[in-house]
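Asks: Got a predicted model here, sequence first, then my questions.
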Protein chains: 2
Amino acid sequence: MAFDLKAYMAQQVALINAELEEILLALGPHPERLHAAMRYSLLAGGKRLRPILTIAAAEAVAGRGASSRAVLPAACALECLHTYSLIHDDLPAMDDDDYRRGKATNHKVYGEGMALLAGDALLTLCFDILAQRLTAFEPDHVLQVVAEVARAAGAAGMVGGQAADILWEKGQHQDGAIAALLSYIHEQKTGALIVASVRAGAILAGSQPYELEALTDYARALGLAFQITDDLLDIYGDEAKLGKQIGQDLAHGKLTYPAVYGVPESKKQVKELLQAAIASLTVFGPSAEPLRALADSLAGREC
Amino acid sequence: MAFDLKAYMAQQVALINAELEEILLALGPHPERLHAAMRYSLLAGGKRLRPILTIAAAEAVAGRGASSRAVLPAACALECLHTYSLIHDDLPAMDDDDYRRGKATNHKVYGEGMALLAGDALLTLCFDILAQRLTAFEPDHVLQVVAEVARAAGAAGMVGGQAADILWEKGQHQDGAIAALLSYIHEQKTGALIVASVRAGAILAGSQPYELEALTDYARALGLAFQITDDLLDIYGDEAKLGKQIGQDLAHGKLTYPAVYGVPESKKQVKELLQAAIASLTVFGPSAEPLRALADSLAGREC
């Protein structure tokens, strides 16, 4: 029988959302409005791709059991990090977006100052969770995850990609071929965190070097396919399904795959990348079924 | 002979600045403008109070030697964290300040988007440094420091204090006595990070519980005295020495000690807090001389 990805994802999303609820409650009652702003974006019905990848990577290594469930806090930490990046990215000083996932963006509801602080608090909370809630694991493994996540999120990763992105839009980019810059932006802005999500689960589950390498290859290919699909959906996606306006990349003069390579070539790259992602998993048996199914499902991604 | 605080601080500042330089260089060349924005604020000639406290706390516990020097990366991590908070605090959505330490604020030079990202990158860099550069210490001690710093910086600490602060200014604060709210804001906004700076050094140096408790008491008293002095300097400080406009707290309707208790009572509290801070250190011998001298010097703080 084929693997039921839909049921698997629904189950993981329920676990992730329950854990996120508990994490938010543990912050205590004050300041209420800051917590409300954090909660608004953190529990806004995201796809939870990154935390699911953390759990599925742990399962690929250790099978479905107690040790894989124990990575749940790490999975949630990565979702906090992702949510912070969306809140800051939507601010007027950045992309100036009014809608996200069909809801008003954080600063539209809570004001710019509070949205800024909610993002800062979620970024910090990511490291708080990693340091305090992974007591089931060896401290040196946890510390390795903190290092991986910080590196992937910072100037050498996601924030670096964001900076390159806005510099491009403002025409302040450095020299260098456009194709190379496009790869750099996509790898850093989206790819780095997807790779870190997968690696965090694998490291905590006690992966062997060859397993970690295979999963890293998987994550790199998947992350890039995901971002190119994002670019494509901004052209011909369904606004109702996406929960946001399309055509924004073009309007902002963003550097995207379809803009550089055209739509047919971009679609071809997505297909090849997803095949490569699945091929990376040959070292694993049925325990990697969720990761394979996730890559498969991306081919038909509509939001 | 009395302890030469000035020479001590100059020596520590030189070590800290050299380490920060190395940390920035290790980020690599791109994206250049992001790194320039990070460097601009990180090497803007701050007093380095927090990192010096980390080093001096380690020295109080372990004496001046190799193990105390080894905490230098943790000290620098805390300076990155402090600098991020200043950059975000100065943004138009927050305090909207044009000058800091006698220089144009980050967003005035690099634009709001880049200043936002430089702050995000410095916050993330703090955890990157803690996780990667403290290899001389036991992973469980390092992890404890990550946890302390994340807790002190986040929604339950500094960001929580900032949120309460802007809610007060906007008249959106919750019920509760003004004096209690003032304490909350000061303890969270400035106090939490000063306490974490001291505790980080002590934990890494292998402090006994009674030593950690004594140093925590010291840091709480010092942090509050520091913040009340800040409030006082905003009233009668010397703009040239401060490197910023005075009277801004009043202009923004900020909740401050002089505003609630008056100037004479605020000055009295600073004096008592600094005496209490020094009294907390009786469990230490001459190794705590830098911490004592620091508290002493705060009494005459002019910038």
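Replies: Good, I have the coordinates.

Asks: and A:Met114, what is it in contact with?
Replies: When contacts are counted by C-beta atoms under 8 Å, 6 or more residues apart in numbering or on different chains, A:Met114 touches A:Arg33, A:Leu34, A:Ala37, A:Asn106, A:His107, B:Ala163, B:Ile166. C-beta: built from backbone N, CA, C; applies to glycine.

Asks: And the next helix or strand past the strand or helix carrying it?
Replies: Using DSSP states H and E, A:Met114 maps to helix A:112-132. Downstream of helix A:112-132, the next assigned helix or strand under DSSP H and E is helix A:139-153.

Asks: all helices in the stretch 101-250 of chain A, in order from the N-terminus.
Replies: Secondary structure of the stretch 101-250 of chain A (DSSP state H, counting those that start in this stretch): helices located at A:106-110, A:112-132, A:139-153, A:158-169, A:178-186, A:192-204, A:209-236, A:239-242, A:248-251.

Asks: pLDDT on the first one, on average?
Replies: The average of the pLDDT scores along helix A:106-110 is 98.

Asks: quick revisit: what's the closest of the contacts of A:Met114 to B:Leu294?
Replies: Minimum distance to B:Leu294 across the contacts of A:Met114 is 29.2 Å, recorded for B:Ala163 (C-beta to C-beta).

Asks: Can you get me a residue count around that closest one?
Replies: For B:Ala163, the neighbour count with other C-beta atoms under 10 Å in any protein chain shown is 29.

Asks: which ones are touching the residue lying closest to it once chain neighbours are set aside?
Replies: Nearest non-adjacent residue to B:Ala163, counting by C-beta to C-beta, 6 or more residues apart in numbering or on different chains: A:Leu34, 3.8 Å away. Neighbouring residues of A:Leu34 by C-beta under 8 Å, 6+ apart: A:Met114, A:Leu117, A:Ala118, A:Ala121, B:Ala155, B:Val159, B:Gly160, B:Ala163.

Asks: Likewise for A:Ala288?
Replies: Counted by C-beta under 8 Å, 6+ apart, A:Ala288 has contacts A:Ala56, A:Glu59, A:Ala60, A:Leu281.

Asks: I'd like the next helix or strand past the helix or strand hosting A:Ile16.
Replies: According to DSSP H and E, A:Ile16 maps onto helix A:5-25. Next in sequence after helix A:5-25, counting helices and strands by DSSP H and E, comes helix A:32-42.

Asks: any idea of the angle that following helix forms with helix B:158-169?
Replies: Angle of helix A:32-42 versus helix B:158-169, following axes from the mean of the first three to the mean of the last three C-alpha atoms, to 10 degrees, is 120 degrees.

Asks: Give me the contacts around the helix or strand just after helix A:32-42.
Replies: Sequence order places helix A:49-62 as the next helix or strand after helix A:32-42, per DSSP H and E. Residues from elsewhere that reach helix A:49-62 (C-beta under 8 Å, 6+ apart): A:9, A:12-13, A:15-16, A:67-69, A:71-72, A:74-76, A:78-79, A:82, A:193-194, A:197-202, A:204-207, A:211, A:215, A:219, A:222, A:226, A:281, A:284, A:287-288, A:290-291, A:294.

Asks: what does stretch A:246-259 give?
Replies: By C-beta under 8 Å, 6+ apart, stretch A:246-259 touches A:95, A:97, A:165, A:168-169, A:178, A:181-182, A:185-186, A:227-228, A:231-237, A:239, A:266, A:269.

Asks: What subset of the residues you listed is buried?
Replies: A:95, A:97, A:165, A:168-169, A:181-182, A:185-186, A:227-228, A:231-234, A:237, A:266 (16 or more other C-beta atoms under 10 Å in any protein chain shown).
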